[in-house]
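Sequence first, predicted coordinates after that:
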Amino acid sequence: MPHSKISLGVNIDHVATLRQSRYRAATGGNLQAEPDPLLAALAAELAGAAGITVHLREDRRHIQDQDFVRLREGIATKLNLEMGNSPEILQIAFKVGPEDVCLVPENRQEITTEGGLDCAGQYVSLLPTVNSLRSAGIRVSMFIAPDLKQVETAARLGAEFVELHTGAFVNALGLAADEEWDRLVQAAHAAHENGLGVNAGHGINYSNIRKIVQLPHLRELNIGHSIISRSILVGMEKAVREMLELIHE
């Protein structure tokens with residue numbers, strides 16, 4: 001059953017996407033470039049968000065390095081960095097110091113993150129990254145498909161959380177949706193049994209959230225596009241409050 005312990009992390013990447021569409025040379029330090037991701041983050045916090053999520057991509061298509069620094073200095077809740085397994089981004093993470101890092105797959109040709117991270121296939125390259133992040137006092141999550149092998153590998157790698165990719169479920173219809181939901185439930189149970197915290201994200205919106213919050217052992221949801229889209233019509237604070245009301249209904 002859904003419960004009040006589920007927290008909401010708001011992904012503000014697409015506030016920066018809108019800014020970059022006009023101010024491509026913006027570094028996050030140009031206060032004439034709008035909208036400002038930090039102001040969006042502060043509004044989300046004011047509405048009750050438990051954390052702010054950003055994906056600092058290698059191609060810097062939305063969030064810029066200076067955005068990341070300003071968010072670290074400006075927000076009062078936790079900062080969650082999504083990143084590919086990149087030595088360059090890893091060094092930035094060490095310098096800025098987010099509370100959480102979620103390791104995700106990254107492909108420059110994709111519009112948004114597609115699919116989960118192949119922990120099993122990339123175990124050797126991921127292990128030193130996880131170890132170094134944890135040694136720096138940063139909590140580590142793995143963004144994975146709801147696959148038992150990936151869950152078990154995430155635990156072996158030493159991650160503290162998994163973020164289950166909900167995209168296949170939210171895009172499926174009929175019997176396929178039931179099958180995808182069963183996969184999510186099984187993966188959530190497996191993660192819990194392996195000592196992992198259970199988070200979820202991707203494609204979650206104001207319609208499917210009622211189902212998503214029924215996922216067992218769920219601790220945190222990371223939602224971006226839907227909230228940012230809604231905020232254009234009603235404002236950031238109201239968009240976040242509406243999502244929180246649905247989570248805790």
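Great, that's in hand.

CA only for contacts and neighbour counts going forward, please
Will do.

buried ones in stretch 194-204?
Buried positions in stretch 194-204, judged by neighbour count with 16 or more other C-alpha atoms under 10 Å: 194, 196-204.

remind me, longest helix of this structure?
helix 174-193 (DSSP state H).

What are the boundaries of the strands in this structure?
7-11, 51-55, 78-83, 100-103, 139-144, 161-165, 197-201, 218-223 (DSSP state E).

From the chain's centroid, how far away is the fourth one?
Strand 100-103 has its C-alpha centroid displaced from the chain centroid by 8 Å (C-alpha atoms, centre = their mean, to the nearest Å).

Would you mind extracting the C-alpha trace of that strand into PDB?
What follows is strand 100-103, C-alpha atoms only, in PDB (Å, rounded to 0.1, in the frame of the first residue of the first chain):
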ATOM      1  CA  ASP A 100      23.700  10.600  -3.700                       C
ATOM      2  CA  VAL A 101      24.900   9.500  -7.100                       C
ATOM      3  CA  CYS A 102      22.800   7.400  -9.400                       C
ATOM      4  CA  LEU A 103      24.800   5.600 -12.100                       C
END
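
hang on, the earlier thing: okay, the strands of the chain in CSV with distance to Ala120 and mean pLDDT next?
Shown next, in CSV, are the strands of the chain (distance: least, C-alpha to C-alpha, whole Å; pLDDT from 0 to 100):
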stretch, distance to Ala120, mean pLDDT
strand 7-11, 27, 98
strand 51-55, 22, 98
strand 78-83, 18, 98
strand 100-103, 13, 98
strand 139-144, 10, 98
strand 161-165, 14, 98
strand 197-201, 18, 98
strand 218-223, 23, 98
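
For Ser21, which of those is the nearest?
strand 51-55 (17.0 Å; C-alpha to C-alpha).

Report the angle between that closest one and strand 78-83.
Calculated by axes from the mean of the first three to the mean of the last three C-alpha atoms, to 10 degrees, strand 51-55 forms an angle of 20 degrees with strand 78-83.

counting contacts, what elements does strand 51-55 pack onto?
Other helices and strands packing on strand 51-55, by 3 or more C-alpha pairs under 8 Å, 6 or more residues apart in numbering; DSSP states H and E, are strand 7-11, helix 13-22, helix 37-46, strand 78-83.

So which of the ones you listed is the most surrounded?
Across the helices and strands packed on strand 51-55, the average number of neighbours (mean count of other C-alpha atoms under 10 Å) peaks for strand 7-11, which reaches a mean of 25.

Sheet-wise, list the partners of it with their directions.
strand 51-55 (parallel), strand 218-223 (parallel) (DSSP bridges).

Pick the most deeply packed of those.
Ranked by mean neighbours (mean count of other C-alpha under 10 Å), the strands paired with strand 7-11 are led by strand 51-55, with a mean of 26.

Which residues outside that strand are in contact with it?
8-13, 41, 45, 63, 68, 77-83, 222 (C-alpha atoms under 8 Å, 6 or more residues apart in numbering).

coming back round to it: tabulate the strands of the chain (CSV), appending distance to His248.
Formatted as CSV, the strands of the chain follow (distance: least, C-alpha to C-alpha, whole Å):
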stretch, distance to His248
strand 7-11, 9
strand 51-55, 16
strand 78-83, 20
strand 100-103, 23
strand 139-144, 24
strand 161-165, 20
strand 197-201, 16
strand 218-223, 12
